[in-house]
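J.: Sequence isn't available, so here's the structure alone:
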């Protein structure tokens, strides 16, 4: 018999009956794929095989997964550095991501970048802009285009509590409300902006209160380590936006378990929070516990783990075998016309 959630070391996710057994397993697969891929990427970085920077989403995988799987096939999204799981949920192949990190010629930036600064238009994934917060007005523009064309489509993006202090975020929120466009904002409250703790930068760190009070945009506050709770909240927000309800927002409460990037040891972070969120609230293990409580045999959960690990290993091997870019092609695609 499954264990009692009240005595479990790991806190299981929400048991929402509107989320099917198949979707729960898919959420687990996506969140775990993100985790395993970033573990491999960190190893590659430490080996000196990644020329760019690495910004991990350990502890935040549930947000991108829950949001990405809540979107329709024709919707668009703009994930950031820590939302690799959103890419995966949208069908972006792990090998495609590895090829970019390794700077391969067949990667999305053809060897010009070494991290998550890319988009996949055929999957409705916009490319990342390094200046966090800048994508908010971009997706508002996309949502406005959908509204003007009469298309039942939704645009979604993410930002953190640090980016919430940027002007573009507030301009985008305000414009979305004024124009009443079908857009969903997912705010990741991970308690820190680079090395600045949120309470040192905001008088009121409750983003839900500020979004609803300042812009009259409905904002649900959820546990960002609970993939099922995130998925349901974003799914409901997407449905309201698609039905003409205007902009919607989600505040996902979570904790960044690593430093800002691979070169940052995160010594400034709250160790007690990391201890709690890295064990009882680990997004991967919370989903695994939910599956067991649902009656999924542990052997089947372990088989999903093994399948993900094997698939990631195969994707990395494929990326490693891809060709390096030709230096002669360096200027191609940079300018509107070839250099003379």
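T.: Arrived safely. Please read all numbers here as calculations on a predicted model, not as lab measurements. Numbers count the residues shown, from 1 in each chain.
J.: contacts, neighbours, all on C-alpha from now
T.: OK.
J.: Now stretch 288-308: buried residues?
T.: 288, 289, 290, 291, 292, 293, 296, 301, 304, 305, 308 (16 or more other C-alpha atoms under 10 Å).
J.: Residue 48: neighbouring residues, count only.
T.: Per other C-alpha atoms under 10 Å, the neighbour tally for residue 48 reads 10.
J.: Revised request: answer the last question for residue 173.
T.: By other C-alpha under 10 Å, the residues close to residue 173 number 24.
J.: so where is this structure shaky, pLDDT-wise?
T.: Applying pLDDT under 70 to the chain picks out residues 1-8, 337-340.
J.: May I see the buried residues of the top helix by length along the chain?
T.: When the chain is scanned for its longest helix (criterion: DSSP state H), the result is helix 21-46. For helix 21-46, a neighbour-count test (16+ other C-alpha under 10 Å) marks 24-38, 41-42, 45 as buried.
J.: now swap in stretch 60-78 and tell me
T.: 60-72, 75-78.
J.: Run through the neighbouring helices and strands of the longest helix of the chain.
T.: Counting by 3 or more C-alpha pairs under 8 Å, 6 or more residues apart in numbering; DSSP states H and E, the packing neighbours recorded for helix 21-46 are helix 61-68, helix 84-89, helix 94-101, helix 227-240, helix 283-293, helix 298-320.
J.: which residues in the stretch 101-250 of the chain form strands?
T.: For the stretch 101-250 of the chain, the strands defined by DSSP state E, counting those that start in this stretch occupy 155-160, 183-189, 192-193, 196-197, 219-223, 248-253.
J.: Quick one: closest of the ones you listed to residue 119.
T.: Among the strands of the stretch 101-250 of the chain, strand 155-160 comes nearest to residue 119, with 13.0 Å by C-alpha to C-alpha.
J.: just checking, what packs against the closest one?
T.: Strand 155-160 makes packing contacts with strand 76-78, helix 135-149, strand 183-189 when contacts are defined by 3+ C-alpha pairs under 8 Å, 6+ apart.
J.: quick one, that strand and helix 135-149 angle?
T.: Interaxial angle, strand 155-160 versus helix 135-149 (axes from the mean of the first three to the mean of the last three C-alpha atoms, to 10 degrees): 160 degrees.
J.: List the contacts of strand 155-160.
T.: Under the criterion C-alpha atoms under 8 Å, 6 or more residues apart in numbering, residues 75-80, 132-133, 135-136, 139-140, 142-143, 182-190, 193 lie in contact with strand 155-160.
J.: ok so, going back, distance to residue 88 added to the helices and strands packed on strand 155-160, as TSV?
T.: Written out in TSV, the entries for the helices and strands packed on strand 155-160 read as follows (distance: least, C-alpha to C-alpha, whole Å):
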stretch	distance to residue 88
strand 76-78	12
helix 135-149	19
strand 183-189	17
